[in-house]
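Peer 1: Pasting the sequence and the predicted model now:
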Amino acid sequence: MITQMSYWTAPDVLITTNINEDIDKDSIILKVCNYYGISLNELMSKSRLRKIADARNTLYYIFHKCYKMTSTEVAKMFNKNHATILSGANKIDGFMRFDKVFRKQINNLINIETIKYS
């Protein structure tokens, strides 16, 4: 169950603005929450549980690596430091390099062309 949060609890997450013409941040965030089976409140919490941290890192990866947002822009969305974004995105990038099933699931989740690694 996804619960709504106020703007003050999660700045920039619940505001429907498009990063580019074809990107809707809110729908991507909700898809990742559903994929990992967590709520929006859990996603924005300070919890370090594996599935919650992996969901956050996946979002960092999607926004930073796939949609070419700067780490600073992504950090502002999630109220984090830019170094946290880079670390999380690189962690997911490593998973995607070696786990073909995970890579396929993430590609399907965000509906982008397949990311290929050599």
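Peer 2: Thanks, I have it. Remember, predicted model here, so these are calculated numbers, not experimental data. Numbering: from 1, shown residues only.

Peer 1: Now tell me which helix or strand of the protein has the poorest mean pLDDT.
Peer 2: Ranking every helix and strand in the chain by mean pLDDT, DSSP states H and E puts helix 100-110 at the bottom, with a mean of 89.

Peer 1: Any buried residues in it, and which?
Peer 2: Using 16 or more other CB atoms under 10 Å as the test for burial, helix 100-110 gives 103, 106, 110. In this view, the C-beta of every residue, glycine as well, is placed from N, C-alpha and C.

Peer 1: same thing with stretch 59-68?
Peer 2: Neighbour-count burial for stretch 59-68, counted by 16+ other CB under 10 Å, picks out 59-67.

Peer 1: Could you point out the longest helix of this structure?
Peer 2: Secondary structure of the chain per DSSP state H: the longest helix is helix 82-98.

Peer 1: who does that helix touch, helix- and strand-wise?
Peer 2: On a contact count with 3 or more CB pairs under 8 Å, 6 or more residues apart in numbering; DSSP states H and E, helix 82-98 meets helix 50-61, helix 71-78, helix 100-110.

Peer 1: Let's have these in JSON lines, adding distance to Asp24.
Peer 2: Shown next, in JSON lines, are those (distance: least, CB to CB, whole Å):
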{"stretch": "helix 50-61", "distance to Asp24": "13"}
{"stretch": "helix 71-78", "distance to Asp24": "13"}
{"stretch": "helix 100-110", "distance to Asp24": "11"}
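
Peer 1: Once you drop chain neighbours, what's closest to Ala83?
Peer 2: Spatially, and ignoring its direct neighbours in sequence, Ala83 is nearest to Ser71 (7.7 Å; CB to CB, 6 or more residues apart in numbering).

Peer 1: any idea how far Lys104 is from that neighbour?
Peer 2: Ser71 is 26 Å from Lys104, where distance means CB to CB, to the nearest Å.
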